[in-house]
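A.B. asks: Sequence first, then the predicted structure:
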Amino acid sequence: MRFSRYILFVVLLAFTYLLIFPALTMASSPVIRIDGELRNFSLGAQIVNNRTMVPIRFVVEDEALQGEVFWDASLRKVAMNCRGKYIEMFIGSNEAWVDGEKRFLDSPPYIFESRTFIPLRFLSENLGAMVNWDAQKSEVLINFKYQPRVFAYYYRSFAEYQENIDLFSDVAFRWFETNGRGEIFYEYQDRFAEALDLARNKGVKTHASVVLMGKDALHQLLSNSENRARLIANLLDVVKKDRYDGVNIDFELLDPGDAGNLTLFLQELKTSLGTDKELSVAVFARTGKEKWPVGYEYKKIGQIADSVVVMAYDYSYSTTAPGPVAPLWWVREVCSYMRSVIPQDKILLGLPTYGYDWGAGKNAATITAPKLEALEAKYGLQKDFDYPSMSPCYSYYDEEGKYHEIWLENEASLKEKLNLVQENRLGGVSFWRIGNGFADLYRLLEGWRGK
């Protein structure tokens, strides 16, 4: 009888332990790296509720943190003064406070073997670090030094630009066009001087972005040394006159036979710009599996340019069948291939702030977030999410009974792409464009840029 009671006691004790630590894994402790350097501490990290938990001494002892820790036994509160932040957590509670603002934890602090454990991701991100998880190596990667760029294209929307300027590191002003002769002219001017002054006052780098599309005009420009020289001279005049920090080249729909001519032009342009002005180049995304030729010599462009905007969108576009504009599996393959031919710190992953509405006519109509809201108000939308591509999709019937299908990014789909940038340690992101009213992206960038 006494033995049975002992067994019952052991079972109850084990059950109580599982209640307290329901998701504590029995696997080996995850490895932690800060700015690439391996970290070791006496009592290893633990995984609870799919979150890495570390002992509080980590905050005090680690050279990258060197914080102070305060314990209030009556409140069961642990407070940390670290890297300019004051963070308070409570044992067993999902509530936390950062500089007096209330936040919520996925996994609350707990005490194990007389040590207080706290969630590593919450701590690191609130101290301004980028945090990634390498599942294959079971490593937590924390980066305080890594700061990806946000390279935004400005296009006719000063109010939206002004409201979100603090989120950008660079702005490419896409108000220039050229032609086959290398002449340069304004496609439009939207509060020209005011927009440039605002960027400079905010410490945002400015780029003169020039566009030319179409194989005939591009062949005329790139195959002729006089036309190339004329465009380069015109761009140098623009850069000098309005004090741009760099030039952005957006040449699309090239004949593959002109790939070498484009490379030659970029080399001539970079030589003329010198080392104190940045050359960025926009290129079509590629996975390396495509059979069709393209007018970009990616490896050579990566050697010449200071940064390369990879337009990782239009996987499905206006003249194709309905589908995701930037499916995550494809973007992941694009990242892998581009890293193999272009230095990763030069790559700016292009994000779309638009989608398509298939069903409106022969070709799909471009759709933006404000247009989506208008359609929701008028027709109501059937909302869905395609998990294989990590893309939202919508459908509706118009007043004529015609079926429409819409694919557009949202906060959840874009977050996955931002994670790819961090996981691949890319130079940053670019997006087309300011002016599409895509608040989901701006909300993400607020946390991503640490603003």
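C.D. replies: Looks like it came in fine. What you see is a predicted model; the values in this text were computed from it and never measured.

A.B. asks: give the contact list for residue 372.
C.D. replies: Contact analysis of residue 372 by CB atoms under 8 Å, 6 or more residues apart in numbering lists 381, 394, 406, 408. C-betas here are computed from N, CA, C, even on glycine.

A.B. asks: Which members of those occur in strands, if any?
C.D. replies: 394, 406 (DSSP state E).

A.B. asks: among the contacts of residue 372, which two are most distant?
C.D. replies: Maximum pairwise distance in the contacts of residue 372, criterion CB to CB, is 10.7 Å, between 381 and 408.

A.B. asks: Could you check how far residue 413 is from residue 404?
C.D. replies: Applying CB to CB, to the nearest Å, one obtains 20 Å for the distance of residue 413 from residue 404.

A.B. asks: And for residue 114?
C.D. replies: 62 Å.

A.B. asks: now stretch 374-391, how far from the chain's geometric center?
C.D. replies: Relative to the chain's own centre, stretch 374-391 is displaced by 22 Å; criterion: CA atoms, centre = their mean, to the nearest Å.

A.B. asks: any weak-confidence spans in the stretch 251-400 of the chain?
C.D. replies: Judged by pLDDT under 70, the stretch 251-400 of the chain has its weakly predicted residues at 360-361.

A.B. asks: circling back to that earlier point, which residues are in contact with both of residue 381 and residue 408?
C.D. replies: 372, 394.

A.B. asks: Same drill for these two, tell me which one is more crowded.
C.D. replies: residue 408 (24 against 17; other CB atoms under 10 Å).

A.B. asks: can you tell me which residues contact the residue lying closest to the more buried one once chain neighbours are set aside?
C.D. replies: Using CB to CB, 6 or more residues apart in numbering and skipping the chain neighbours, the partner closest in space to residue 408 is residue 355 (3.1 Å). Residue 355 makes contact with 325, 366-368, 406-409 under the criterion CB under 8 Å, 6+ apart.

A.B. asks: what's the closest of these to residue 46?
C.D. replies: residue 409 (35.8 Å).

A.B. asks: For the closest one, which non-adjacent residue is spatially closest?
C.D. replies: Counting by CB to CB, 6+ apart, the residue nearest residue 409 is residue 352, at 6.0 Å.

A.B. asks: so the one you found touches residue 331, yeah?
C.D. replies: No: counting by CB atoms under 8 Å, residue 352 sits too far from residue 331 to count as a contact (10.5 Å).

A.B. asks: Between these two, tell me which one has more neighbours.
C.D. replies: More neighbours surround residue 331 than the other of residue 352 and residue 331, with 27 against 24 (other CB under 10 Å).

A.B. asks: For the more buried one, give me its contacts.
C.D. replies: With contact taken as CB under 8 Å, 6+ apart, residue 331 is in contact with 285, 312, 349, 417, 420.

A.B. asks: Same list, those, but as a markdown table with neighbour count please.
C.D. replies: Converted to a markdown table, the contacts of residue 331 look like this (neighbours: other CB atoms under 10 Å):
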| residue | neighbour count |
| --- | --- |
| 285 | 21 |
| 312 | 28 |
| 349 | 28 |
| 417 | 23 |
| 420 | 19 |
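
A.B. asks: Take the residues you listed and lay them out in TSV including secondary structure and distance to residue 266.
C.D. replies: As requested, the contacts of residue 331 are exported to TSV (DSSP: H, G, I helix; E, B strand; the rest coil; distance: CB to CB, whole Å):
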residue	secondary structure	distance to residue 266
285	coil	18
312	coil	21
349	strand	20
417	helix	27
420	helix	26
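
A.B. asks: Comparing residue 413 and residue 404, which residue is more hemmed in?
C.D. replies: Taking neighbours as other CB under 10 Å, residue 413 and residue 404 compare with residue 413 leading, 25 against 20.

A.B. asks: burial of the closest residue to residue 397 other than its chain neighbours, as a residue count?
C.D. replies: Using CB to CB, 6+ apart and skipping the chain neighbours, the partner closest in space to residue 397 is residue 403 (5.8 Å). Residue 403 has 10 neighbours, counted by other CB under 10 Å.

A.B. asks: Can you tell me the SS state at residue 430?
C.D. replies: Secondary structure for residue 430, judged by DSSP: H, G, I helix; E, B strand; the rest coil, is strand.

A.B. asks: Give the closest residue to residue 301 in space, chain neighbours not counted.
C.D. replies: residue 281 (5.6 Å).

A.B. asks: list the contacts for that neighbour?
C.D. replies: So residue 281 contacts 248-249, 266, 301, 305, 307-309 (CB under 8 Å, 6+ apart).

A.B. asks: Pick out whichever of these sits closest to residue 118.
C.D. replies: residue 307 (37.6 Å).

A.B. asks: Look at the closest one and say how many residues are nearby.
C.D. replies: So residue 307, with other CB under 10 Å, has 25 neighbours.

A.B. asks: Quick check: the closest residue to it other than its chain neighbours vs residue 310, distance?
C.D. replies: Leaving aside its sequence neighbours, residue 307 sits nearest to residue 280 (CB to CB, 6+ apart; 4.4 Å). Per CB to CB, residue 280 is found 11 Å from residue 310.

A.B. asks: Which residues are in contact with each of those two?
C.D. replies: residue 348.

A.B. asks: Could you check which of these two is surrounded by more residues?
C.D. replies: Neighbour totals were compared for residue 280 and residue 310, and residue 310 leads with 26 against 22 (other CB under 10 Å).

A.B. asks: So which bits of the helix or strand encompassing residue 228 are buried?
C.D. replies: Assigned by DSSP states H and E, residue 228 belongs to helix 225-242. Neighbour counts over helix 225-242 (16 or more other CB atoms under 10 Å) mark 227-228, 230-232, 234-236, 238-239 as buried.

A.B. asks: Okay, domains of the chain per the record?
C.D. replies: 2-143, 149-356+417-448 (automatic domain parsing).

A.B. asks: which one of those is the most hemmed in?
C.D. replies: domain 149-356+417-448 (a mean of 18; mean count of other CB atoms under 10 Å).

A.B. asks: Where do the helices of the stretch 201-350 of the chain begin and end?
C.D. replies: 215-222, 225-242, 259-273, 298-304, 328-341 (DSSP state H, counting those that start in this stretch).

A.B. asks: Now do the nearest residue to residue 256 once chain neighbours are set aside against residue 261, distance only.
C.D. replies: Sequence neighbours aside, residue 293 is the residue nearest to residue 256 in space, at 3.7 Å (criterion: CB to CB, 6+ apart). From residue 293 across to residue 261, the span is 14 Å (CB to CB).
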